[in-house]
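S.K.: My questions are about this predicted structure, shown below with the sequence.
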Amino acid sequence: MQSLLPILVLFILFFLNVPIAFSLMGSSLFYFIFINNNMPMEMVIQQFVTAVESFPYLAVPFFIMVGSTMNYSGISEALMDFADILVGHTKGGLAQVNVVLSALMGGISGSANADAAMQSKILVPEMVKKGFSAPFSASITAASSAISPVIPPGTNLILYSIIAGVSVGDMFLAAYMPGILMAISLMIAVHYVSVKRDYQPSREKRATVKEFFAELVKSIWALFIPFGIIMGMRFGMFTPTEAGGIAVLFSIVVGIFVYKKLELKHLPIILKDTVKSTGAVMIIIASAKVFGYYLTLERIPQIITETLVTLTDSPFVLLMIINVMLLFIGMFIEGGAALVILAPLLVPAVSAFGIDKIHFGIIFIVNIMIGGLTPPFGSMMFTVSSIVGVKLEDFIRETWIFIFALLVVLIMVTYSEWIALFTLNLFRS
């Protein structure tokens, strides 16, 4: 039981609202100072430093920078206009645009909270003007932002690939189908609510073929970013890290010379946002690495695997147990933090049951994104509620139908490997 005390310390620090990185750091140091004090502290500190000395991690700041660049380059506006052309004529037009925009931007921003914040400022005021209630507008914005990290090149996909030792390119390819299913499920939910409340389209009629192609030409530069990343990696033209650098360069060129919105004054802001966000991610990774070192020394992953094996010999039941556990944990811990803490524990267990690591990665990431919507500590819930200025109880009342829609997708990708890995298998064959 003594070996489990750092985990107890970790959760105590969580509930005291200590930032995740410092919670991980504190519980790890507790172990190495009070329980296993035979190890020189220099070796422990070395773990912090070596944790981020990995070439694939360079992809993280690059893709974060792409997301920041697009906010100033005109890419967001181009994608929003294209989304309006696609679904603005349907019932609940702007709410449907909200979902489609998240799906289109997911390949570029890769961040749920960045997507949620951007759409809260741009789309929600317009939705309220068109007659949508503020709580509904906030809830669909938060729910649709869950799509962003699932569609490549989300940073969670990169982190999981490194943790699980699978190909980043394969993980990117596999993630498209679940992301598309999440978008479809939310659009069905939006249609249901819009018909019930008589929310109107944002366009009077369906776009003509001429209008569609005119907007497609305008948006093609933005849409090319995720497509170019996937194709370039698939055909061996560049690594995920190099893809991130190329995507940054491409988005800057598009912002300056095509959309002509990106100016020199924006670059310091973009660099500041990138450094700030990268620092937050990297300190969590470093702290999680040391916490993982403690887990390895105490054989916690092996113990969890052995425990799960004794509980069931069915992969079906195992995935159900893990999903329930992740949904519960996701109510309290931010998704990225849950990934770096729990993936090293659970990947050995699912591998022992013969479950494909990429399939499990899809399940894991879809699950933790749903956690970002759920009370009491869902990160997208707080981001959108604070920006829009709606009460949490009103937000929660509106968001349950969207959580249900996303849970249906989670069940589909959990119990159908064919669905979960559909896009990956297309390229494998």
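M.R.: Perfect, I can see it now. Residues are numbered from 1 along each chain as shown.
S.K.: my guess is Thr312 meets Leu318, correct?
M.R.: Yes. Counting by C-beta atoms under 8 Å, Leu318 is a contact partner of Thr312 at 5.7 Å. To be clear about C-beta, it is placed using only N, CA and C from the backbone, and glycine gets the same treatment.
S.K.: out of the two, which sits in the more crowded spot?
M.R.: Leu318 (20 against 14; other C-beta atoms under 10 Å).
S.K.: tell me which element the more buried one is part of?
M.R.: Assigned by DSSP states H and E, Leu318 falls within helix 315-330.
S.K.: what is the mean pLDDT for that helix?
M.R.: Averaging pLDDT along helix 315-330 yields 86.
S.K.: tell me which residues in it are buried?
M.R.: Buried residues in helix 315-330, counting neighbours by 16 or more other C-beta atoms under 10 Å, are found at Leu318, Leu319, Ile322, Asn323, Leu326, Leu327, Ile329, Gly330.
S.K.: Greatest separation within these: which pair is it?
M.R.: Leu318 and Gly330 (18.2 Å; C-beta to C-beta).
S.K.: What residues does the nearest residue to Ile387 once chain neighbours are set aside make contact with?
M.R.: Of all residues not flanking Ile387 in the chain, Ser120 sits nearest, at 4.1 Å (C-beta to C-beta, 6 or more residues apart in numbering). Neighbour list for Ser120: Ala138, Thr141, Thr383, Val384, Ile387, Val388 [criterion: C-beta atoms under 8 Å, 6 or more residues apart in numbering].
S.K.: and the least confident of the residues you listed?
M.R.: Minimum pLDDT across these falls on Thr383, with 76.
S.K.: How many neighbouring residues does that residue have?
M.R.: Around Thr383 there are 22 residues (other C-beta under 10 Å).
S.K.: isn't it right up against Ala138?
M.R.: No. If you go by C-beta under 8 Å, Thr383 and Ala138 don't touch, sitting 9.8 Å apart.
S.K.: that older thread, could the buried residues of helix 315-330 be laid out in CSV, adding distance to Thr374?
M.R.: Output for the buried residues of helix 315-330, formatted as CSV (distance: C-beta to C-beta, whole Å):
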residue, distance to Thr374
Leu318, 22
Leu319, 19
Ile322, 17
Asn323, 13
Leu326, 11
Leu327, 7
Ile329, 11
Gly330, 6
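S.K.: Disregarding flanking residues, what is the spatial nearest neighbour of Ala174?
M.R.: Per C-beta to C-beta, 6+ apart, closest to Ala174 is Leu424, 4.0 Å.
S.K.: residues making contact with the helix or strand hosting that neighbour?
M.R.: Here Leu424, judged by DSSP H and E, is contained in helix 422-428. Helix 422-428 is contacted from outside by Asp170, Leu173, Ala174, Ala175, Tyr176, Met177, Arg234, Ile358, Trp418, using C-beta under 8 Å, 6+ apart.
S.K.: let's go with 7 Å and repeat that
M.R.: Asp170, Leu173, Ala174, Tyr176, Met177, Arg234, Ile358 (C-beta atoms under 7 Å, 6 or more residues apart in numbering).
S.K.: what kind of secondary structure is the last one in?
M.R.: Three-state secondary structure (criterion: DSSP: H, G, I helix; E, B strand; the rest coil) places Ile358 in helix.
S.K.: Kindly state the pLDDT recorded for it?
M.R.: 95.
S.K.: That one: neighbouring residues, count only.
M.R.: 22.
S.K.: Can you verify my assumption that it contacts Gly169?
M.R.: No. Counting by C-beta atoms under 7 Å, Gly169 is not a contact partner of Ile358; they are 10.7 Å apart.
S.K.: Go ahead and list the helix or strand containing Val18.
M.R.: Using DSSP H and E, Val18 maps to neither a helix nor a strand.
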